[in-house]
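In: this is a predicted model, with the sequence first.
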Amino acid sequence: MKIHEYQAKELFREYGIPVQDQAVITDAGEAEAAAQRLGGFVVVKAQVLVGGRGKAGGVKLAKTAADAAQHARAILGMDIKGETVEKVLIAPAADILKEYYVGLIMDRTTKKIILMVTKEGGVDIEELAVTNPDAIIKFPIDIVQGIDEAALAAVLKDVFERQPLIDQAAETVRILYRLFVEKDATLVEINPYALVDENTLAALDAKMNFDDNALYKHDDVEAMKNAEEYSQDEIDAKEYGLSFVSMDGEIGCIVNGAGLAMATMDIVKLFGGNPANFLDVGGSSNPEKVLQAIRIILRNPKVKAILINIFGGITRCDDIARGIIMATDQIDISVPLVIRLVGTNQKEGRALLEEKGFAVGDDLSEAVRKVVALHKGAQA
Ligand code: GDP
Ligand code: MN
């Protein structure tokens, strides 16, 4: 899960990283008063969940409150990489003497949190990683042992050079690390971490991503969720306990188990089709889930056929069958369904479906061949 800069800065403030006062507005009419309150000389910043706002024209300095209002008007409604700007942040403009970068990421390979720090901040870090990777210092932090203070001080000395800055950066890193661990973040980033006067570093931008699987532990983080991050399909799928990812093919897939769902997509490709989605109905048996899965898949106008592939273990084939029947009763299924059921209660499931006129197979290759042929309009 991603949050906006203003939300990350609120967390920073709560944890003790100094951030500037800020106002967040959704209506350009509020900009002038907000800018006035913040001293007139302000920065006006688009709040979107994608990076590179500066380059896209979503970050503007204003000398007066009237200028700020004008910028806010221009930025609100702007499209930045497909996202429409609905909020802008207004903060006192800082004088930037130098831009550094400080970030923490979770590295799954080494199972460590990696501190990344560079003197070449301000620019896109992904770009810097390509053009000048040696400029980025990476410092792995062992999650059990925590930060090795002496080693951290040595790393920060190379980057920040002067003691007051090294001390501030070290304190910022300690707090960021605590925030990262306590809130189950996957990324936290300050870019630019700016030198705003000879002896002061400031977090002029803030970015945080969180582990979705840990959100249940953090109501405060969950409350910051932004609807624009997720498609309606993904929101609905989540509500019904389905793991769903949209893809751009034509064959809707309903499968139980993530591994089988991936294998099913591979086989669909192998036989010349393209999956419209990844969908795992999960291990539990629940006809309602199947109904909702079909409903979500059918919203996609590209879907020309649906493949249901169930390997019943904990999932019972008769529950899946009941879900399919519920769906056909409640919604107009305008595309062909190909059903493959094997495993627990296969016989019962099959009988229920055949009674309603569905053909049910137990051979996966045959089912996939059939669904690919059907979606191409050929005779199966
Ligand atoms: P991003 O492009 O989405 O990363 O947005 P940032 O918040 O990092 O802003 C982009 C750039 O705008 C920064 O690298 C700065 O150069 C500039 N900028 C942002 N805030 C200020 C500010 O308060 N004062 C000045 N002078 N420049 C700023
Ligand atoms: Mn930035």
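Out: Ah, there it is. Ligands and ions are numbered 1, 2, ... in the order given.

In: what's the local residue count around the residue lying closest to Arg295 once chain neighbours are set aside?
Out: Nearest residue to Arg295 in three dimensions, chain neighbours excluded: Ile331, at 6.1 Å (CB to CB, 6 or more residues apart in numbering). No exception for glycine: its C-beta is placed from N, CA and C like everyone else's. Residues lying near Ile331 (other CB atoms under 10 Å) number 12.

In: residue contacts, Ile331?
Out: Taking CB atoms under 8 Å, 6 or more residues apart in numbering, we find Ile331 in contact with Leu291, Ile294, Arg295, Leu298.

In: list the contacts of whichever strand or helix holds Glu10.
Out: According to DSSP states H and E, Glu10 maps onto helix 5-15. For helix 5-15, contacts defined as CB under 8 Å, 6+ apart pick out 3, 19-20, 22, 24, 45, 47, 87, 89, 175, 178-179, 183, 188, 203, 205-208, 224.

In: what does the chain have sitting close to ligand 2?
Out: Asn191, Asp205 (CB under 5 Å from the ion).

In: quick one, domains of the chain?
Out: Listed domain ranges for the chain are 21-92, 98-222, 231-379 (source: automatic domain parsing).

In: can you put those in a markdown table and add mean pLDDT and distance to Tyr15?
Out: Converted to a markdown table, the domains of the chain look like this (pLDDT from 0 to 100; distance: least, CB to CB, whole Å):
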| stretch | mean pLDDT | distance to Tyr15 |
| --- | --- | --- |
| domain 21-92 | 97 | 16 |
| domain 98-222 | 96 | 5 |
| domain 231-379 | 92 | 28 |
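
In: now these as TSV including distance to ligand 1?
Out: Formatted as TSV, the domains of the chain follow (distance: least, CB to the nearest ligand atom, whole Å):
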stretch	distance to ligand 1
domain 21-92	3
domain 98-222	3
domain 231-379	23
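
In: could I get those domains in CSV, plus columns for distance to Gln7?
Out: Listed next are the domains of the chain as CSV, based on distance: least, CB to CB, whole Å:
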stretch, distance to Gln7
domain 21-92, 9
domain 98-222, 8
domain 231-379, 19
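
In: can you show me the strands along the stretch 51-200 of the chain?
Out: With DSSP state E, counting those that start in this stretch as the criterion, the stretch 51-200 of the chain has strands at 59-62, 79-80, 83-84, 88-92, 98-107, 112-118, 137-141, 185-197, 200-203.

In: buried deepest among the ones you listed, which one?
Out: strand 88-92 (a mean of 24; mean count of other CB atoms under 10 Å).

In: against which helices or strands is that one packed?
Out: Judged by 3 or more CB pairs under 8 Å, 6 or more residues apart in numbering; DSSP states H and E, strand 88-92 is in contact with strand 23-25, helix 31-37, strand 42-46, helix 65-75.
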